[in-house]
Each structure stands twice: as C-alpha cells, then as structure tokens.
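Participant: Give me a model of this one.
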Amino acid sequence: MSERRNAGREPAQVYGSTQIELAWTIIPILIVVVLFLASARVIHAIQDAPEPPGALEVTVIGHQYWWEFRYPKLGIVTANELHIPVNEPGHPTPTFLQLLSADTDHSFWVPEIAGKTDLVPNHPNRMWMDPQRTGIFLGQCAQYCGIQHAKMLLRVSVDGPEDFAAWVHAQQQPAVEDATAAAGRRVFERNACMNCHTITGTAANGRFGPDLTHLMSRATIAAGAAQNTRDNLRLWVKDPSAIKHGSLMPAMQLSDADLDAVVSYMETLR
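Facilitator: Coordinates of the predicted model:
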C-alpha cells in the first residue's frame, strides 16, 4: 500500500555540499602553489648560484662533432676530455661552465655529475658542477645534431688538487720540439692540417678543429670514438670516415711515408 502512495513522488534530491566542493577545489590549488614555489626556489638557487672566489671557469663549445674546452683564466685549450678539480669540504672549488654552440643545437650531459643543459647558437647557457669524488665520468651530446651525434662523446676527469695542478702546469707548456719528428712537422705544416688545428709554439693556429698542442695527453681521439693509439691515430689521419662516418675532417691523401712521419710528429705532442 505504501509503495502505491509513493509511486508518484520524486525521491529526495541531494544537491551536494558547498563546503565540500570548495574544499576539494581550494586544497589542490594550494598544494600546486606550494609545489610551484618550492620548485622555483630550488631552480633559482641552482641556476643563479653566485660564483665563489675559488670557482673554476670553463667555456664549453659544441662543434659537429666534438667538444672544445677553454679555461680563460688558465690559458688552456683542449678537446673532448674535460679536467676539473674535486670539490673538497675544506676547499670548495666548484666548476662553472659557459655553454656555447659553434653550429647547431647540442646538449651537454654527464649523468653522474650534472643534469643536461642545451647549447643553442647565439644563446649562451650556464651550468655548474660540484663533484664530490675523483674519477672518470662519461657523457655525450644529448641533442640530435647530425649524422655523428651518437659519437659526440666526452670524458670528465675529476682530479684531486695535486693531480689537477699537475695537469694545468703540463697543459700550459708549449708543444715540445722533437728533432726526430721534424719531418712530420714539415708534413703537418705543408698540408691543410695547420689551417684547421692549433699547436702552440708553431705556425699552426687553426680554430676549425681541435687544439692538438697536447694531443697525446688525451686517452681518446675523435671525441671518444677510438682509443688514442698509434694505429688508431694513423687510421684517423688517413681516413677519418673509417672511424667516424660523416666526420667533417677530410682524408688528407698522404703517402705512406708522409703519413708515418706526421703520426710520429703527433705522438710527440704531450
């Protein structure tokens, strides 16, 4: 009987709670605002951190397909293998990097030390590294920049204070003249090598390719694509595409005698 009496009536209408709706709208907004402010504070602290007096400054220039490292205050120019000091608690020495590109977009990435930062033409970027332990740390270009992007590698050597000081002293010396390699130097200067490369203390002052003044102090050649051995160095000079297809370095078409002579000369560049 009661079902018949209620058959024509609508059930009780629930229109919700204004207080609950305000709560589930305002509380998430407040959470997002707090997270945004906290993230902005951390990003500002990292990106705009002031340089301490003892900071090391390095200019990183990305090329297709290699890395150029310049130490403006130390007068050092090298390639593909970056040396920086470890940051000891009692002697803080962070490294500040200015990132530039010579051609297209690149990205500097050493996962174990620092995050990825892009190198954009005509748009300088900055980042800093604060390594807490010594060792060799591997990185590479993380932005597709051309056919040899995958072989645009780099090595960061984090040195103790004494080792870093010894490396700086050695890098600041001019190329050592070796009388036994004079024939190779003449081959180097007679061909287009000196138009692209610099060797301090000689007439070679090219900027298109890596500085070779202390070539043999590096463990690798071709931006980490091969170990720095005589056989690999000879192959690299003879036919760069055999190691790095798409390399902008041309094959010099040297005779075997000239090739052996120039490789012997390059082996003296320590």
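
Participant: avg pLDDT for stretch 87-103?
Facilitator: Averaged over stretch 87-103, pLDDT sits at 90.

Participant: whoops, stretch 220-227 was the one
Facilitator: Stretch 220-227 comes out at a mean pLDDT of 93.

Participant: Just give me the neighbour total for Pro210.
Facilitator: A count of neighbours around Pro210, defined by other CB atoms under 10 Å, yields 25. Yep, even glycine has a C-beta here, placed from its N, CA and C like the rest.

Participant: residues contacting it?
Facilitator: 66, 68, 78-80, 197 (CB atoms under 8 Å, 6 or more residues apart in numbering).

Participant: What of Ile76?
Facilitator: 69-70, 168, 171-172.

Participant: Quick check: which ranges of the stretch 51-200 of the chain have low pLDDT?
Facilitator: Where the stretch 51-200 of the chain drops to pLDDT under 70, the residues are 177.

Participant: which residues in it form strands?
Facilitator: 56-63, 66-71, 76-79, 81-85, 95-101, 106-110, 114-119, 125-129, 135-141, 153-159 (DSSP state E, counting those that start in this stretch).

Participant: hang on, the earlier thing: okay, the contacts of Ile76 in JSON lines with distance to Ala223 next?
Facilitator: Putting these into JSON lines (distance: CB to CB, whole Å) gives the following:
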{"residue": "Phe69", "distance to Ala223": "12"}
{"residue": "Arg70", "distance to Ala223": "16"}
{"residue": "Val168", "distance to Ala223": "22"}
{"residue": "Gln171", "distance to Ala223": "19"}
{"residue": "Gln172", "distance to Ala223": "23"}
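
Participant: quick one: which of these is nearest Phe108?
Facilitator: Lowest distance from Phe108 to the contacts of Ile76 (CB to CB) belongs to Phe69, with 10.7 Å.

Participant: Let me see the contact set for the closest one.
Facilitator: 58-61, 76-82.
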